[in-house]
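> Build me a structure from this.
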Amino acid sequence: MSRPIDVQFIERDGKPAFAVIPYEDYLKMVTEEGAIPHEVAGLVIKHGLNLVKAWRTYLGLTQSEVAKKAGISQAALSQMERHDNKLRTTTLKKLAEALGLSEEQVRD
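Sure, this is the predicted structure:
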């Protein structure tokens, strides 16, 4: 996912009932090795989190725990978790390893 997912919301009785994403994006989320659980995708779509923060939240880990495993400061991780932040490949590798994931699973 190198671009934001285009989401269409469908309402029922004036309230959001469904979130629809392009089929191509859906296939990327569920068919690639190391697929992304729908709970993680939901955090990205509903709350605008980047994948690193969504995974960390899903796994129930604190920023301090992940930062320590990745060999970085908690403040640095906080900056990396900003939604509009593009991370370098080496940084993504460190974070993926700290989270127990593949690099592809944390790449926005």
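> So which helix or strand of this protein has the lowest pLDDT on average?
helix 23-31 (a mean of 69; mean pLDDT, DSSP states H and E).
> ok, residues contacting the following helix or strand past that helix?
The helix or strand immediately downstream of helix 23-31 is helix 38-47, counting by DSSP states H and E. For helix 38-47, contacts defined as C-beta atoms under 8 Å, 6 or more residues apart in numbering pick out 5, 7, 19, 21, 29, 49-51, 53-55, 57-58. Backbone N, C-alpha and C define where each C-beta goes, glycine included.
> Buried subset of the residues you listed, written for ChimeraX?
Of the contacts of helix 38-47, the buried ones can be selected in ChimeraX as follows, counting by 16 or more other C-beta atoms under 10 Å:
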select :5,29,49,50,51,53,54,55,58
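> JSON lines please, covering the contacts of helix 38-47 and showing secondary structure.
Shown next, in JSON lines, are the contacts of helix 38-47 (DSSP: H, G, I helix; E, B strand; the rest coil):
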{"residue": "5", "secondary structure": "coil"}
{"residue": "7", "secondary structure": "coil"}
{"residue": "19", "secondary structure": "strand"}
{"residue": "21", "secondary structure": "coil"}
{"residue": "29", "secondary structure": "helix"}
{"residue": "49", "secondary structure": "coil"}
{"residue": "50", "secondary structure": "coil"}
{"residue": "51", "secondary structure": "helix"}
{"residue": "53", "secondary structure": "helix"}
{"residue": "54", "secondary structure": "helix"}
{"residue": "55", "secondary structure": "helix"}
{"residue": "57", "secondary structure": "helix"}
{"residue": "58", "secondary structure": "helix"}
